[in-house]
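Enquirer: The sequence isn't on hand, but the structure is:
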Ligand code: KG4
Ligand code: ZN
């Protein structure tokens, strides 16, 4: 990445996102005002396989990305010539799907002679909190909970991120997806567990709340996932009928307990009065309510995006892209996909 450039004061960003199974494009003004948000989801296709098939995802991105971008520009009423920069997710994510977005963004930036700005997908998830909270500014603590990541991040500036906790095994979303699969629910599992848990008793079964020795703010979800699978196996062996809603609700409560207590403890220890939640699991209604209760008791202000901005979208990429752009960050036409890109590496 190189630094430089003059800053106009009515800044329009085109955002492009294709790191997993959503092909998305959006136009955002001055980092906060959404002019368009187009998402073409592949969930219907991947549901047939119980998870994302990277090869199929790449091919679907190729088919759809140009139309999605055209639609985002048309809905915003902005011609390509009116855009100030092309922002694109370049990692982390699936290599093939990322390459489709990166290749397309490079072609557009080159053809239209616009700056190219690479965006970290997780920084985008964090930035989703700026969309509907116009007064939110760093510093704040952010709990990032997606299908691939579970991080506690100290956001000390729009481009300054320090990881203070992470998962040692499964990500929170991954645990939701795996448990949902074991319960015979659809893909992605998070929304299914969220929905069916409303009819269940979260105290029906006591599942473990794992701690990681010596790492106060780290997470581990593989033990919890195994505990659910063991419970289901033992029911089967004893011929006991499983109450799916109770198992889902009890699992969901165990995940939420851990996420909430680690986040609030971290905020207190780091003297942070603001917690933001980001990523697909931030859409979980039980987690939101539990976080709200605990933040209220502890005098902490809580922020989370609307569900549509929690899961993958291009608005969040355009928003973080805006803050990268304003910091003078530019990508060259040699920008490549970085599937395992680490946080804070712009
Ligand atoms: O952020 P995201 O859209 O993609 C990644 O970057 O991974 O997150 C997807 C994850 C999936 O694991 C999905 O099951 C989970 O977010 N998710 C939820 C909910 N909505 C999506 N998990 C729990 N409750 C939800 N309502
Ligand atoms: Zn994501």
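Expert: Happy to help now that I have it. These figures come from a predicted structure and were not determined experimentally. Ligands and ions are numbered 1, 2, ... in the order given.
Enquirer: what's the residue nearest the centre of the chain in contact with, if anything?
Expert: Central residue of the chain (C-alpha atoms, centre = their mean): residue 279, 2.7 Å from the mean position. Applying C-beta atoms under 8 Å, 6 or more residues apart in numbering to residue 279 gives the contacts 122, 125, 144-147, 149, 173, 310. For glycine as for every other residue, the C-beta is placed from the backbone atoms N, C-alpha and C.
Enquirer: Please flag which of those sit within strands.
Expert: Counting by DSSP state E, those place 144-145 in strands.
Enquirer: could the contacts of residue 279 go into TSV alongside neighbour count?
Expert: Listed next are the contacts of residue 279 as TSV, based on neighbours: other C-beta atoms under 10 Å:
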residue	neighbour count
122	30
125	31
144	27
145	31
146	25
147	24
149	24
173	25
310	25
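Enquirer: Adding distance to ligand 2 and pLDDT, write the contacts of residue 279 out as TSV.
Expert: Formatted as TSV, these follow (distance: C-beta to the ion, whole Å; pLDDT from 0 to 100):
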residue	distance to ligand 2	pLDDT
122	7	97
125	6	98
144	9	98
145	10	98
146	4	95
147	7	93
149	8	93
173	9	96
310	9	97
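Enquirer: one step back: roughly how far apart are the residue nearest to the centre of the chain and residue 222?
Expert: Separation of residue 279 from residue 222 (C-beta to C-beta, to the nearest Å): 19 Å.
Enquirer: Then residue 153?
Expert: Residue 153 is 22 Å from residue 222, by C-beta to C-beta.
Enquirer: and if you look at residue 213?
Expert: Taking C-beta to C-beta, one finds residue 213 at 15 Å from residue 222.
Enquirer: the more surrounded of these two?
Expert: Higher neighbour count among residue 213 and residue 222: residue 222, with 15 against 6, using other C-beta atoms under 10 Å.
Enquirer: and the nearest residue to the more buried one once chain neighbours are set aside, what helix or strand is that in?
Expert: Using C-beta to C-beta, 6 or more residues apart in numbering and skipping the chain neighbours, the partner closest in space to residue 222 is residue 169 (4.0 Å). Using DSSP states H and E, residue 169 sits in no helix or strand.
Enquirer: For burial, what's the neighbour tally of residue 169?
Expert: Residue 169, neighbours per other C-beta under 10 Å, totals 16.
Enquirer: Give the buried residues for the lengthiest helix in the chain.
Expert: Criterion DSSP state H: the longest helix present in the chain is helix 244-269. Neighbour-count burial for helix 244-269, counted by 16 or more other C-beta atoms under 10 Å, picks out 244-260, 262-267.
Enquirer: is ligand 1 contacted by it?
Expert: No. If you take C-beta under 6 Å from any ligand atom as the test, helix 244-269 misses ligand 1, and the best it gets is 7.7 Å.
Enquirer: Need the per-residue pLDDT for residue 211.
Expert: The per-residue pLDDT reported for residue 211 equals 88.
Enquirer: wait, what's in contact with it?
Expert: By C-beta under 8 Å, 6+ apart, the neighbours of residue 211 are residue 220.
Enquirer: Next, find the distance separating it from residue 250.
Expert: Taking C-beta to C-beta, one finds residue 211 at 19 Å from residue 250.
Enquirer: follow-up on the earlier one: C-terminal to the longest helix of the chain, which secondary structure element comes first?
Expert: Moving toward the C-terminus from helix 244-269, the next helix or strand (DSSP H and E) is strand 274-278.
Enquirer: Could you tell me the angle between that next one and helix 244-269?
Expert: 140 degrees (axes from the mean of the first three to the mean of the last three C-alpha atoms, to 10 degrees).
Enquirer: and stretch 58-65, which residues are buried?
Expert: So, applying 16+ other C-beta under 10 Å, buried residues of stretch 58-65: 58-62, 64-65.
Enquirer: what sits up against it?
Expert: 16, 18, 21, 23, 25, 40, 42, 45, 94, 96-97, 99-101, 104.
Enquirer: which one of those residues is nearest ligand 2?
Expert: Nearest to ligand 2 out of these is residue 21 (C-beta to the ion; 10.0 Å).
Enquirer: residues contacting the closest one?
Expert: 41-43, 46, 52, 57, 60, 97, 312.
Enquirer: Same list, those residues, but only the ones touching ligand 2.
Expert: Filtering these for neighbours of ligand 2 using C-beta under 5 Å from the ion leaves residue 312.
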